[in-house]
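J.: this one's structure only:
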């Protein structure tokens, strides 16, 4: 096995401060601004006086080999924390977030009407000061409802909080990501598009205890019925007095996994018939329970302007259709990113297969390079 050395480079306002850094943590999240944390030992107590909030940092991390490290985040420093211990070395921690945080500093009170949701997203970006504005915005919804008779009120929220609320309502993701030219792009796109997008890292497979190819250090999955996202049963009148009902959509297929023949062969003779009987009965119970868990939720008295408003807000999140969540840790992997898919192998059949990654934390410090992640399905 080739020994790989962790690598990171930190540039702050064009100055290389890598030698000052003792630890780097980069966090990607599909519903919050991506963030970075930099730890600096400051025995002479001088660094804290020259590193200011509002400064821009760029973090490149991974491994020293060619094509094994990449620019992970360009961030604005928003917090400066100091620690002066009773014994030991004073330490400085810089925390920053991607440039979308500049849209989260000022609250606004606005009423939005007579435009589509994606029009609102673009106009919010256009209204930003030049230093906060994104040169490229990828905004797409289908259907893209026209906000007309029922205006949307931005009631004292920052633009960032308002965009995240819009994204949650219309089952979209609002985030900032670097393109291939390392330019920042503001995305507002349906979750289903992210789930099906052709990303270069979609073939990542993490193996738990499968021999020399094992790269999943730990994995903790769970099932909870409250995690399943459900359709709403909406019946109301539009502004013309016509009845509106939510349209029928194909039901989510109940997933029943197979017992693993190899593991069954390792069970004792006494246990095998018990396992098989519990599996046969349990799979039937699960199918019956799944029907109840996925039944439409009644939404009594919900007033909507037209049919398109129902269809754009009444959808299920593909990433939560099975009610499963998990967290895990693997060796440092720059290709493991939030808003992508991974495959988990070597675990129980019910938790093996494709997962959607919602949060990723990359950390490089004196102990090496590790990647923690959270995923759902």
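T.: Good, I have the coordinates. Quantities reported herein were computed from a predicted structural model and do not represent experimental measurements.
J.: neighbours of residue 256, how many?
T.: Number of residues near residue 256 (other CB atoms under 10 Å) recorded here: 14. Yep, even glycine has a C-beta here, placed from its N, CA and C like the rest.
J.: likewise residue 55?
T.: Here the number of neighbours of residue 55 (other CB under 10 Å) works out to 16.
J.: can you give me the distance of it to residue 157?
T.: 27 Å (CB to CB, to the nearest Å).
J.: give the buried residues for the host helix or strand of residue 109.
T.: Assessed by DSSP states H and E, residue 109 sits inside strand 107-112. Using 16 or more other CB atoms under 10 Å as the test for burial, strand 107-112 gives 110, 112.
J.: next one: stretch 26-45
T.: Here stretch 26-45 shows 26-30, 32-40, 42 as buried, counting by 16+ other CB under 10 Å.
J.: hmm, which two among the residues you listed are most spread apart?
T.: Greatest spatial distance in these: 30 and 42, 34.2 Å, computed using CB to CB.
J.: for the closest residue to residue 32 other than its chain neighbours, list the residues it contacts.
T.: Closest residue to residue 32 apart from its sequence neighbours, by CB to CB, 6 or more residues apart in numbering: residue 164 at 7.8 Å. With contact set as CB atoms under 8 Å, 6 or more residues apart in numbering, residue 164 has these partners: 31-32, 174.
J.: likewise for residue 39?
T.: Residue 39 touches 21-24, 91-93, 365, counting by CB under 8 Å, 6+ apart.
J.: can I have the buried ones of those residues as a PyMOL selection?
T.: For the buried members of the contacts of residue 39, the matching PyMOL selection, counting by 16+ other CB under 10 Å, is:
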select buried, resi 21+23+24+91+92
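J.: and the contacts of residue 39, which is closest to residue 7?
T.: Distance to residue 7 across the contacts of residue 39 (CB to CB) is lowest for residue 24, with 10.3 Å.
J.: my guess is residue 25 is in a strand, correct?
T.: Yes. Counting by DSSP: H, G, I helix; E, B strand; the rest coil, residue 25 falls inside a strand.
J.: which of the contacts of residue 164 fall in strands?
T.: Members of the contacts of residue 164 lying in strands (criterion: DSSP state E): residue 174.
J.: got the contacts of residue 164 as JSON lines, with pLDDT and distance to residue 330 columns?
T.: Compiled in JSON lines, the contacts of residue 164 are given as follows (pLDDT from 0 to 100; distance: CB to CB, whole Å):
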{"residue": "31", "pLDDT": "84", "distance to residue 330": "22"}
{"residue": "32", "pLDDT": "87", "distance to residue 330": "22"}
{"residue": "174", "pLDDT": "93", "distance to residue 330": "27"}
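J.: what about the residue nearest to residue 32, distance to residue 359?
T.: Counting by CB to CB - residue 164 and residue 359 are separated by 15 Å.
J.: cool, residue 116 as well?
T.: 30 Å.
J.: list the residues that contact the closest residue to residue 85 other than its chain neighbours.
T.: Computed as CB to CB, 6+ apart, the closest residue to residue 85 that is not its neighbour in sequence is residue 91, at 7.8 Å. Counting by CB under 8 Å, 6+ apart, residue 91 touches 39-42, 82-83, 85.
J.: in the beta-sheet assignment, what are the partners of residue 91?
T.: Going by DSSP bridges, residue 91 is paired in beta bridges with residue 41, residue 83.
J.: can you give me the helices in the stretch 51-200 of the chain?
T.: With helices called from DSSP state H, counting those that start in this stretch, the stretch 51-200 of the chain shows them at 117-126, 159-169, 191-196.
J.: residue 106: which of those helices is closest?
T.: Across the helices of the stretch 51-200 of the chain, closest to residue 106 is helix 159-169 (CB to CB), at 7.7 Å.
J.: neighbours around residue 76, how many?
T.: Using other CB under 10 Å: residue 76 sits among 20 other residues.
J.: centre of the chain to stretch 90-104, how far?
T.: 19 Å (CA atoms, centre = their mean, to the nearest Å).
J.: ok, back up a step: so which of the contacts of residue 91 would you say is closest to residue 203?
T.: Closest to residue 203, out of all of those and judged by CB to CB, is residue 39, at 33.2 Å.
J.: domain parsing for this structure?
T.: 6-99, 106-196, 199-229+316-377 (automatic domain parsing).
J.: picking up where we left off before, helices and strands around the strand holding residue 109, which ones?
T.: strand 152-158 (3 or more CB pairs under 8 Å, 6 or more residues apart in numbering; DSSP states H and E).
J.: please repeat the previous calculation with a cut-off of 10 Å.
T.: Packing contacts for strand 107-112, counted by 3 or more CB pairs under 10 Å, 6 or more residues apart in numbering; DSSP states H and E, involve helix 117-126, strand 152-158, helix 159-169.
J.: sheet partners, orientation included, of the shortest one?
T.: When you say that, I think you mean strand 152-158. Assessed with DSSP bridges, strand 152-158 is paired to strand 107-112 (antiparallel).
J.: okay, angle between the partner strand and helix 117-126 too, please.
T.: 140 degrees (axes from the mean of the first three to the mean of the last three CA atoms, to 10 degrees).
J.: and strand 107-112 with helix 159-169, angle?
T.: 50 degrees.
J.: for strand 107-112, give me every contacting residue.
T.: 119-120, 123-124, 127, 147, 151-159, 161-162, 166 (CB atoms under 10 Å, 6 or more residues apart in numbering).
J.: just to revisit the earlier point, export the helices and strands packed on strand 107-112 to a markdown table and tack on mean pLDDT?
T.: Listed next are the helices and strands packed on strand 107-112 as a markdown table, based on pLDDT from 0 to 100:
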| stretch | mean pLDDT |
| --- | --- |
| helix 117-126 | 96 |
| strand 152-158 | 92 |
| helix 159-169 | 93 |
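J.: quick one: the strands in the stretch 1-150 of the chain?
T.: Under the criterion DSSP state E, counting those that start in this stretch, strands of the stretch 1-150 of the chain are mapped to 6-12, 15-16, 21-29, 35-41, 56-63, 69-83, 91-98, 107-112, 115-116, 136-139, 146-147.
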